[in-house]
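Peer 1: Sharing a sequence plus its predicted fold:
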Amino acid sequence: MIYLNLFFGFLKVGCFAFGGAYAAIPLIRDIVLSYGWLSDEMLTYMIAVSESTPGPIMVNLATYVGTSQAGVIGALIATFAVVLPSFIIILLVTAILSKAIKNKYVQAVLRGVKPCMIGIILATGCWMIAKNLFSVPFSAFDINALVITVILAVLYFGLNQKMKKSISPMMLIIISAVLGMAGYAF
């Protein structure tokens with residue numbers, strides 16, 4: 001039964017996760033929490049780990065959840081399920097790409113989906129910031145998380161404004177890892 005749950009749970013994620021991995025995080029969160037595979041806190045940690053390891057976040061999360069629930073076979077099933085819809089869509093799109101991309105309805109759908117994905121990514125980012133700034137009952141304030149968030153925001157937006165150059169996501173991950181070790185190791 002766990003194998004079927006992993007397959008259909010992550011198949012839903014793969015089918016409805018438009019806009020990339022960050023847009024898929026709320027859907028992954030809903031699926032994982034509804035099945036009780038991970039706690040909310042553990043999922044937040046796994047999102048951070050998945051961002052800093054090679055590969056797509058959705059695949060990394062699916063592999064981790066599958067492994068934690070049903071071992072290697074569970075990891076294979078969850079990973080296969082999350083990539084299956086994309087694989088099928090890519091095969092279909094490449095077969096009809098030249099005609100479909102010129103279609104005004106396809107272009108309209110793509111233009112309509114873009115703002116939705118921006119909103120979902122922004123909401124996920126705000127949720128993760130709020131989750132990490134406050135403890136679980138939203139009563140205790142984590143000053144280390146606030147300082148790290150402010151430093152990263154200043155680096156990102158400051159460099160963008162002053163130098164007309166943005167900092168790479170990889171560099172932000174490295175800086176946040178160093179700041180996290182410095183802020184929480186002592």
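Peer 2: The structure has been received and is ready for your questions. Numbers count the residues shown, from 1 in each chain.
Peer 1: Name all residues that make contact with the spatially most central residue of the chain.
Peer 2: With distances taken as CA atoms, centre = their mean, the residue of the chain nearest its centroid is residue 22 (3.4 Å). Listed by CB atoms under 8 Å, 6 or more residues apart in numbering, the contact set of residue 22 reads 57, 120-121, 124-125. For glycine as for every other residue, the C-beta is placed from the backbone atoms N, C-alpha and C.
Peer 1: Nearest to residue 4 among those residues?
Peer 2: residue 57 (23.9 Å; CB to CB).
Peer 1: pLDDT score assigned to the closest one?
Peer 2: According to the model's per-residue confidence, residue 57 sits at a pLDDT of 82.
Peer 1: same question, residue 175
Peer 2: 90.
Peer 1: likewise residue 178?
Peer 2: 91.
Peer 1: Kindly report the same for residue 137.
Peer 2: 58.
Peer 1: and if you look at residue 85?
Peer 2: pLDDT, the model's per-residue confidence, is 90 for residue 85.
Peer 1: Tell me if I'm right that it and residue 14 touch.
Peer 2: Yes: with contact defined as CB atoms under 8 Å, residue 85 and residue 14 form a contacting pair (4.0 Å).
Peer 1: Next, format the contacts of residue 22 as JSON lines and append secondary structure and neighbour count.
Peer 2: Conversion of those to JSON lines gives the following (DSSP: H, G, I helix; E, B strand; the rest coil; neighbours: other CB atoms under 10 Å):
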{"residue": "57", "secondary structure": "helix", "neighbour count": "20"}
{"residue": "120", "secondary structure": "helix", "neighbour count": "20"}
{"residue": "121", "secondary structure": "helix", "neighbour count": "18"}
{"residue": "124", "secondary structure": "helix", "neighbour count": "18"}
{"residue": "125", "secondary structure": "helix", "neighbour count": "12"}
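Peer 1: quick one: which of those is nearest to residue 71?
Peer 2: residue 57 (21.7 Å).
Peer 1: where along this protein do the strands fall?
Peer 2: Assigned strands in the chain: none (criterion: DSSP state E).
Peer 1: low pLDDT regions in it?
Peer 2: 19-21, 135-140, 186 (pLDDT under 70).
Peer 1: Residue most distant from the centroid, it?
Peer 2: Centroid-distance maximum for the chain: residue 99 at 31.7 Å, with CA atoms, centre = their mean.
Peer 1: how close does it get to residue 106?
Peer 2: Between residue 99 and residue 106 the distance is 9 Å, computed by CB to CB, to the nearest Å.
Peer 1: Same question for residue 130.
Peer 2: According to CB to CB, residue 130 and residue 106 sit 37 Å apart.
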